[in-house]
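Undergrad: would you be able to build a 3D model of this:
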Amino acid sequence: MFIQSNRQIRIYLDAYIKEKVKDIELKSSEITIDLTTWIGNRSIQYNIEKLKRALNCNKYLQFKYYEPNGNNNNRIMEPYKLILKENNWYIQGYSILMEFRDQCECLAHTI
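TA: Residues are numbered from 1 along each chain as shown. As a prediction, this is how the structure comes out:
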């Protein structure tokens, strides 16, 4: 096929890219990674979805933080990354108020 102009090149490339995007979408829909157990804690999956939404929408997270001494308080963080390591989920991010985190629960979106 002989291409005569920049316009024709652009039309050809647009069609080619659209076709490749469809191929990628089809392939990605063929794979599902489900790390939950058959009979498991559904709140984990629910909280993972909350975390993913916060990451995708650039939202802060508010959660209850448990200190090693047993005290707990509310914290706010800017999440950067969701990590699965040896069957444990971790959230990496910047705490607005503190420098180090261990254990969290009662996850909620903020502004």
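Undergrad: now the helices for the protein?
TA: For the chain, helices defined by DSSP state H occupy the ranges 6-29, 42-57.
Undergrad: in terms of mean pLDDT, which of those ranks lowest?
TA: Of all the helices of the chain, the segment with the smallest mean pLDDT is helix 42-57, scoring a mean of 84.
Undergrad: show me what that one is packed against.
TA: If contacts are counted by 3 or more CB pairs under 8 Å, 6 or more residues apart in numbering; DSSP states H and E, helix 42-57 sits against strand 61-66, strand 72-85, strand 88-95, strand 103-109. All C-beta atoms are positioned from the backbone trio N, CA, C, and that covers glycine.
Undergrad: what's the angle from the shortest one to strand 72-85?
TA: For strand 61-66 and strand 72-85, the angle between their directions (axes from the mean of the first three to the mean of the last three CA atoms, to 10 degrees) works out to 100 degrees.
Undergrad: adjacent strands (with direction) for strand 61-66?
TA: strand 72-85 (antiparallel), strand 103-109 (antiparallel) (DSSP bridges).
Undergrad: what sits up against the longest one?
TA: So that's strand 72-85. Contacts with strand 72-85, where a contact means CB atoms under 8 Å, 6 or more residues apart in numbering, come from 35, 48, 51-52, 54-55, 60-67, 89-98, 101, 104, 110.
Undergrad: just how off-centre is it within its chain?
TA: In terms of CA atoms, centre = their mean, to the nearest Å, the centre of strand 72-85 is found 12 Å from the chain centre.
Undergrad: ok, now stretch 73-93?
TA: Relative to the mean C-alpha coordinate of its chain, stretch 73-93 is positioned 10 Å out (CA atoms, centre = their mean).
Undergrad: centroid residue for this structure?
TA: K52 (3.3 Å; CA atoms, centre = their mean).
Undergrad: identify the bridge partners of the closest residue to it other than its chain neighbours.
TA: On the basis of CB to CB, 6 or more residues apart in numbering, the spatially nearest residue to K52 that is not a chain neighbour turns out to be L82, at 6.5 Å. Counting by DSSP bridges, L82 forms beta bridges with I91.
Undergrad: hmm, back to that, lowest average pLDDT across the strands paired with strand 61-66?
TA: Set side by side, these show their lowest mean pLDDT on strand 103-109, which sits at a mean of 66.
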